[in-house]
Structures are given as C-alpha cells and as structure tokens.
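Peer 1: Below are the sequence and a predicted model for it; my questions follow.
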Amino acid sequence: TYRNLARFLEVEYSQIFLASGSDLAIKSVYEACINKGDNIILTDPCYAMYKVYAGMFGASVKAVHIESDWRFDIGKMLEKTDENTKMLVLETPNGSVGTTFSIEEIEECAAILHEKEIILLVDEAYHFIENTNSVTHQLIKKYPNVLITQSLSKSHGLAGIRVGYLIGDAQFIESI
C-alpha cells in the first residue's frame with residue numbers, strides 16, 4: 001500500500017503516514033508536535049477538530065476570519081504568528097466554504113514559516129483528483145516544515161475505506 005501510494009503521489013514511501021482517515025492523521029500531528037502553551041493559526045470557518053485538538057493539547061487558537069470576497073488572507077494569518085506559534089493550517093479547498101489557495105500563496109507561506117520554524121499543515125481532504133491544481137506535495141521536497149493531509153474517502157471517492165494520510169519530510173513523518 002505504501003509503495004503504490006508513494007508511486008501515485010510521486011514521493012518516497014518513507015514520506016507517507018497512513019491513518020484511519022485524515023482526521024487521525026491530523027490528530028497524530030497534534031500528538032507529536034503540539035504542547036501546552038503553543039498556538040495554532042487557523043482560518044474561520046475551518047474543520048472543527050482543529051480547534052478541539054488544540055484544546056486537548058493545551059494550545060490556543062488564533063483565527064483569521066473569512067473576507068467579504070469569500071477568501072482568506074494569508075498575510076493576516078502570517079501576521080498572527082509569534083514565538084509560541086507551532087503550526088499554521090491551510091485547508092485547500094476549505095471544507096466549509098470551498099475557497100482555495102493558489103500554489104504560489106502556499107509556497108510563499110511555506111517559505112516564510114520555514115524561516116520561523118513553524119509547521120505548515122496543508123489540508124487537502126476535499127481536493128479532488130480531477131482538479132489538477134494540486135502540486136503541493138512537491139513543496140515537501142523544498143520545505144521540511146510542510147505536511148500535507150489527504151483523504152481517500154473524499155478526494156478519491158473511496159468513502160468506505162476510511163483511509164487518510166500525511167505526506168512530508170521523511171524524518172518529520174518518522175517522528176510522527
């Protein structure tokens with residue numbers, strides 16, 4: 001499974017963490033990386049479990065609200081980072097409102113957060129195969145702070161399987 005998925009995603013199998021749905025993959029990131037006193041930068045609205053897991057692990061949430069044009073301002077998200085910020089999450093597309101971030105916006109965010117040693121979690125649970133805009137998995141080759149979560153349930157039309165995964169830097173995945 002790992003070899004086939006790695007071939008499909010064009011990554012090494014050591015860069016994949018399989019989980020029982022993308023939700024468990026997300027929770028695993030919190031378990032491995034988030035501590036009491038950390039803060040997480042999220043969009044609002046977002047997948048509800050991001051806030052729940054932050055509370056479970058003692059982290060606070062800083063949210064950036066949706067703009068009047070139904071977009072989220074990455075610049076505003078980056079402005080909220082500080083010395084306690086451990087992770088910034090971009091849902092693309094956002095599961096609540098369907099907005100997406102361009103690959104250029106995501107890469108710029110990844111570069112800035114890499115300098116600050118902050119995790120960028122790109123949640124692509126609602127990314128569908130026919131949408132060819134997703135090349136975010138290529139970012140893990142340039143930025144070891146980037147993790148991407150995807151779901152076979154939604155994006156690949158295999159809801160009965162309940163499989164999700166993370167892809168990222170091999171050492172990062174091993175620590176998770």
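Peer 2: Structure received.
Peer 1: Now tell me what touches stretch 89-100 from outside.
Peer 2: Outside stretch 89-100, the residues that touch it by CB atoms under 8 Å, 6 or more residues apart in numbering are 40-43, 45-47, 50, 66, 70-72, 74, 101, 106, 109, 120-127, 133, 136. C-betas here are computed from N, CA, C, even on glycine.
Peer 1: For Ala111, which non-adjacent residue is spatially closest?
Peer 2: Once flanking residues are discounted, Ala111 sits nearest to Tyr143: 6.8 Å by CB to CB, 6 or more residues apart in numbering.
Peer 1: pretty sure the one you found contacts Ala110?
Peer 2: Yes: contact criterion CB atoms under 8 Å: Tyr143 and Ala110 qualify, at 4.3 Å.
Peer 1: Are there residues contacting both of the two? Which ones?
Peer 2: The contact sets of Tyr143 and Ala110 overlap at Leu120 (CB under 8 Å, 6+ apart).
Peer 1: out of the two, which sits in the more crowded spot?
Peer 2: In this view Tyr143 and Ala110 are compared by other CB atoms under 10 Å, and Ala110 has more residues nearby, 23 against 18.
Peer 1: Would you indicate which residues of the helix or strand of the chain with the lowest mean pLDDT are buried?
Peer 2: Using mean pLDDT, DSSP states H and E, helix 2-9 stands out as the lowest-scoring helix or strand of the chain, at a mean of 88. Neighbour-count burial for helix 2-9, counted by 16 or more other CB atoms under 10 Å, picks out 5-6, 9.
Peer 1: Which elements pack onto that helix?
Peer 2: Here helix 2-9 touches strand 16-19, going by 3 or more CB pairs under 8 Å, 6 or more residues apart in numbering; DSSP states H and E.
Peer 1: Show me what secondary structure element comes after the strand it packs on.
Peer 2: Using DSSP states H and E, the next helix or strand after strand 16-19 towards the C-terminus is helix 22-33.
Peer 1: quick one: buried residues of that next one?
Peer 2: Buried residues in helix 22-33, defined by neighbour count with 16+ other CB under 10 Å: 22-30, 33.
Peer 1: Turn the residues you listed into TSV, including pLDDT.
Peer 2: Output for the buried residues of helix 22-33, formatted as TSV (pLDDT from 0 to 100):
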residue	pLDDT
Ser22	89
Asp23	92
Leu24	95
Ala25	95
Ile26	96
Lys27	97
Ser28	97
Val29	98
Tyr30	98
Cys33	97
